[in-house]
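Q: With the sequence up front, the predicted model follows.
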Amino acid sequence: MLTVHHLLLTFTAATPVELDDNAGAAVRGAIVNALLQRFCANKEAPTCADCPLLNVCPVAALVAPMRDAGETGGDQRPRPYVIRPPQPRRYAPGETLTFGLGLFGHAAELFPYLVMAAQGIEVQGLGRRLQENNGRRGGVRLQSIDAINPLTDARQSLFRAGQRQVHAPGMPIGPAEVAAFAATLPDECLTIRFLSPMRLIDDGRLVKRPALRPLIQRLGIRLTDLSAAYGDGPLPVADARALLPLAESAVLEHDKTRWLDVTSYSRRSRQSTPIGGMIGDAVFTGNLGPLRELLVWGSLVHVGKNAVKGDGWYVVEGERRNVSDL
């Protein structure tokens, strides 16, 4: 059974902080750099895959989880986390910024390392390098970490600045919680609100208009991979492949999405990667009841490319909304 732990991290800007549309990639880079600086025991290895400590290293388990011999798929497992990016804007000293972090299944055991990585962001800073910060990134101070349930708005305090004790996250979201929320959604009309760029590839081409079939198809593959890597067996949900005809027949009633072009720069490879995609609202009608659980799972684990950089985050809403409101 796969479970998801969602965390909300709250920081206060100590100096001006400027985050662009690639804020999720900036957060992911800051966390990875903090993990490597603090916990990597073999910095001479060119990559995690080349390191003899690979199988016992918590950094590799988060940054570059490799498949065991005999596992299908590529060399790497899907990474066991997703980023929910902060709002891209300028933060003045004293202002609060927040971002989310989702941990999958057994990877929740690595939570202490992520806490210390979040504290490491205080040292290296966040966002663009600014002249007013003497060429440094914006300074931030970690104020709190909470476990949250996006489906119920329940919250559990895990850490507060000034406290020495950190609590382990105790609000796992699993099949029962997903099924209960999905049952509250209507079965004939759903609004999907893409909060961060949704970047899907279908038949070798970018999907630039909302469509449920490629979304459900990719979601089925992702949930299968995540369950195999970090769960205790397959999820008790309908086979996504059997639902593809229903997804194909769904009608896009209203489309208020736009394409957002965003790039992410890697200092290691010295290359820019496109991480843009669709954002905005799409309203679908049809026989959507059998798709609800899968869609709710997707809202928790994100779908499409670059989920670890903040892409593929959406929410599912049930009320029929007026076109003028979209």
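A: The structure has been received and is ready for your questions.
Q: Please name the nearest non-neighbouring residue to residue 62.
A: Closest residue to residue 62 in three dimensions, ignoring its sequence neighbours and counting by Cβ to Cβ, 6 or more residues apart in numbering: residue 110, at 5.9 Å. For glycine as for every other residue, the C-beta is placed from the backbone atoms N, C-alpha and C.
Q: wait, residue 286
A: Using Cβ to Cβ, 6+ apart and skipping residues adjacent in sequence, the residue nearest residue 286 is residue 250, 4.1 Å away.
Q: And residue 81, by the same measure?
A: Distance criterion Cβ to Cβ, 6+ apart; nearest residue to residue 81, sequence neighbours excluded, is residue 103 at 5.4 Å.
Q: and the gap between the one you found and residue 286?
A: Note on residue 103: its distance to residue 286, by Cβ to Cβ, to the nearest Å, is 34 Å.
Q: just residue 180 next, same as before
A: Distance, residue 180 to residue 286, using Cβ to Cβ: 23 Å.
Q: the helices in the stretch 201-326 of the chain, which residues?
A: For the stretch 201-326 of the chain, the helices defined by DSSP state H, counting those that start in this stretch cover 212-230, 240-249, 292-301.
Q: Pick the most deeply packed of those.
A: Stretch with highest mean neighbour count among the helices of the stretch 201-326 of the chain: helix 292-301 (a mean of 23; mean count of other Cβ atoms under 10 Å).
Q: Could I have the CA atoms of it written out in PDB?
A: Written as PDB, here are the backbone C-alpha positions of helix 292-301 (Å, rounded to 0.1, in the frame of the first residue of the first chain):
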ATOM      1  CA  ARG A 292     -12.100  10.100  -9.500                       C
ATOM      2  CA  GLU A 293      -9.800   8.000  -7.300                       C
ATOM      3  CA  LEU A 294      -7.000   8.100  -9.800                       C
ATOM      4  CA  LEU A 295      -7.400  11.800 -10.300                       C
ATOM      5  CA  VAL A 296      -7.200  12.400  -6.500                       C
ATOM      6  CA  TRP A 297      -4.100  10.200  -6.300                       C
ATOM      7  CA  GLY A 298      -2.600  12.400  -9.000                       C
ATOM      8  CA  SER A 299      -3.300  15.500  -7.100                       C
ATOM      9  CA  LEU A 300      -1.100  14.100  -4.200                       C
ATOM     10  CA  VAL A 301       1.800  12.600  -6.200                       C
END
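Q: average pLDDT for that helix?
A: Mean pLDDT, helix 292-301: 97.
Q: which outside residues touch that helix?
A: Helix 292-301 is touched from outside by 4, 6, 82, 102, 104, 150-151, 173, 178-179, 181-183, 185, 187, 190, 192, 215-216, 219-220, 222-223, 226, 235, 237-238, 240, 243, 307, 312-316, with contacts defined as Cβ atoms under 8 Å, 6 or more residues apart in numbering.
Q: Drop the exposed ones from the residues you listed and show what's left.
A: The neighbour-count criterion (16 or more other Cβ atoms under 10 Å) marks 4, 6, 82, 102, 104, 150-151, 173, 178, 181-182, 185, 190, 192, 215-216, 219-220, 222-223, 226, 235, 237, 240, 243, 307, 312-316 among these as buried.
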